[in-house]
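1. Here's my sequence, what's the structure:
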Amino acid sequence: MRWQDIKGEIAARLPGSAALADERPIMVVDSIRQQLHWIDIEDELNRCYPISTAANGMGNRVDSYKTPIGIHRVRQKIGGGAPRGMVFEARKPSGRITGNLDNREQDEITSRILWLDGLEPGLNQGGSYDSYSRYIYIHGTSDEKRIGEAVSAGCIRMNNDDVIELFEDVLVNDLVLIK
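-> Below you'll find the model as predicted:
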């Protein structure tokens, strides 16, 4: 995956978008391989992380419990400086740090949150398809043992160490292409 190819795909789908003016790294979520690629313009700092997308597959409708497809941006970064494993409830630190990283019973949000906002009207922005109002995040999880499997309730789960590392490099408004 090359930055120029991804940028070209995004430019074709969002012509004239101000989001394309900056030459920032782009994140690509590959739901088939269950991987998140962080692709830098220089093609030297590219990273690949294992992830988990939705157990119900890919889709954009509200209440579908599916991971939305299309072009998104990071609208908010939440949890900077929180301890690894901090459990977030309603985007606020609960004060509880999970020690159980094989927690299959709950879809806990841990360590960091990158809250996504869809940029494609009618696909992932607006109405009953709005990713932001669906609270779609890239986040850490207390269910690390199943990273690499499609098991989430719609968000993109990452290992806690990985989401903390990614959080440090991502800026608000960075682009995310979910396929």
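
2. which residues are in contact with stretch 24-32?
-> Identification of contacts with stretch 24-32 by Cβ atoms under 8 Å, 6 or more residues apart in numbering yields 1, 3, 6-7, 10, 35-41, 45, 51, 53, 58, 67, 69, 138, 150, 156, 166, 169-171, 173-179. C-beta coordinates here come from the backbone N, C-alpha and C atoms, glycine included.

3. tell me which residues in that stretch are buried?
-> 24-31 (16 or more other Cβ atoms under 10 Å).

4. what's the answer for stretch 135-153, then?
-> 136-144, 146-147, 150-152.

5. Adding distance to residue 78, write those residues out as CSV.
-> Shown next, in CSV, are the buried residues of stretch 135-153 (distance: Cβ to Cβ, whole Å):
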residue, distance to residue 78
136, 13
137, 8
138, 11
139, 9
140, 11
141, 15
142, 17
143, 19
144, 20
146, 23
147, 20
150, 24
151, 22
152, 17
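
6. so who does the closest residue to residue 82 other than its chain neighbours touch?
-> The shortest distance from residue 82 to any non-neighbouring residue, by Cβ to Cβ, 6 or more residues apart in numbering, is to residue 93 (5.5 Å). Neighbouring residues of residue 93 by Cβ under 8 Å, 6+ apart: 79, 82, 86-87.

7. that older thread, so which two of the buried residues of stretch 135-153 are the farthest from each other?
-> Pairwise distances across the buried residues of stretch 135-153 (Cβ to Cβ) peak at 19.9 Å, for the pair 136 and 144.

8. follow-up on the earlier one: show me the buried residues of stretch 24-32 that map onto strands.
-> 26-30 (DSSP state E).
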